[in-house]
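*Asks:* test case, fold it:
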Amino acid sequence: MAYQHLYGWPTGVDPATRRLVLAVSENVNAIVMRAELGVETQSLLSQQMLAGPVIALPGDCPDWIFLTGPATSISTRTLSALSHLGVRLQKLGTFIPLPPSRLDSGVVRWASGPTVGRDLPPWTAVLAATRSASTSPMCGVR
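*Replies:* Numbering: from 1, shown residues only. As a prediction, this is how the structure comes out:
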């Protein structure tokens, strides 16, 4: 309830797994990428004062989930370029595990926690930063 009360996010508890989850909605979207690309993306967003909350999934090849404002239209070409980078855009109704949920591979945590009263970064800004970060020498495509 805290996430819903403090941030206005559509959250709940999955009765089957007992995980705290966020529903991707018209107001809150999510972009998933490998952690290595996520670090570079978050760095670029920070430089532009657009960094927002990022969920770190556990595992050997961890993913980061960027929470964003509403999704907008995207060209097929851009969608293809993002897909080649391993970036996954989440659809409405998708459930995202929230910290401190436990997955088989470990505990979900915040790579960068949310801030009360601060809007989520624009979806397009996160995608643009991701594409820019992908050209960084540190970010090889896996």
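*Asks:* burial measure for residue 124, as a count.
*Replies:* Per other Cβ atoms under 10 Å, the neighbour tally for residue 124 reads 16. Any C-beta I mention is one placed from the backbone N, CA and C, and that applies to glycine too.
*Asks:* I'd say it and residue 75 touch.
*Replies:* No: between residue 124 and residue 75 there is no contact under Cβ atoms under 8 Å: 11.7 Å.
*Asks:* check what pLDDT residue 38 gets.
*Replies:* Note for residue 38: predicted pLDDT of 97.
*Asks:* where does this structure have its least confident helix or strand?
*Replies:* helix 2-7 (a mean of 91; mean pLDDT, DSSP states H and E).
*Asks:* and that one, which residues are buried?
*Replies:* Within helix 2-7, the residues scored as buried using 16 or more other Cβ atoms under 10 Å are 3, 7.
*Asks:* dump it to CSV, restricted to CA.
*Replies:* Below are the C-alpha coordinates for helix 2-7, written out as CSV (Å, rounded to 0.1, in the frame of the first residue of the first chain):
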residue,chain,number,x,y,z
ALA,A,2,2.9,2.4,0.6
TYR,A,3,3.9,2.5,-3.1
GLN,A,4,0.3,3.2,-4.0
HIS,A,5,-0.1,5.8,-1.3
LEU,A,6,3.2,7.6,-1.7
TYR,A,7,3.7,7.4,-5.5
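*Asks:* need the pLDDT of the most centrally placed residue in the chain.
*Replies:* Central residue of the chain (Cα atoms, centre = their mean): residue 66, 1.8 Å from the mean position. At residue 66, the model reports a pLDDT of 98.
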